[in-house]
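A.B. asks: Here you go, sequence then predicted model.
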Amino acid sequence: QVQLVESGGGLVQAGGSLRLSCTASGGTFSPYAVDWYRQAPGKEREFVASISWSGINEVYADSVKGRFTISTDTPKNTVYLHMNSLKPEDTAVYLCAASTRNYVTIDVWGRGTQVTVSA
């Protein structure tokens, strides 16, 4: 059973940067795509970014476009989310998710890592 573990979260000042990691373990990992989502207190889960496992196709939410970059390191079974120019409104729990059966159905979720951006 594949598991996803996120890391790299923390407290950062506005304008700062963080790099989140999502690492898969527990079996062969060759998903169609891996996504990052985030959920702030009292708000619905929000799509942030997605990347095909080949790294060819990337998609970003408008709110993070130009500031966040998603990338893969397939030998390490890891997907990164590079976050620059962070804003207080980026504060949330960030979760990664994988689609292992097709491009549209997420079937594996991580537990998340907290990102807090202070003003």
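C.D. replies: Yep, that arrived.
A.B. asks: and residue 58, how many residues sit next to it?
C.D. replies: Using other Cβ atoms under 10 Å, residue 58 has 14 other residues around it. C-beta: built from backbone N, CA, C; applies to glycine.
A.B. asks: Distance check, it against residue 88.
C.D. replies: Per Cβ to Cβ, to the nearest Å, residue 58 is found 25 Å from residue 88.
A.B. asks: Give me the buried positions along stretch 99-106.
C.D. replies: Residues of stretch 99-106 classed as buried: 99, 100, 106 (neighbour count, 16 or more other Cβ atoms under 10 Å).
A.B. asks: what do you get for stretch 4-15?
C.D. replies: Per 16+ other Cβ under 10 Å, stretch 4-15 contains these buried residues: 4, 5, 6, 8, 9, 12.
A.B. asks: again, but for stretch 61-77
C.D. replies: Buried, per 16+ other Cβ under 10 Å, within stretch 61-77: 64, 68, 69, 70, 72, 77.
A.B. asks: same deal with stretch 28-35?
C.D. replies: 29, 31, 33, 34, 35.
A.B. asks: Let me have these in a markdown table, adding pLDDT, distance to residue 81 and secondary structure as columns.
C.D. replies: Shown next, in a markdown table, are the buried residues of stretch 28-35 (pLDDT from 0 to 100; distance: Cβ to Cβ, whole Å; DSSP: H, G, I helix; E, B strand; the rest coil):
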| residue | pLDDT | distance to residue 81 | secondary structure |
| --- | --- | --- | --- |
| 29 | 91 | 17 | coil |
| 31 | 94 | 16 | coil |
| 33 | 96 | 14 | strand |
| 34 | 97 | 10 | strand |
| 35 | 97 | 10 | strand |
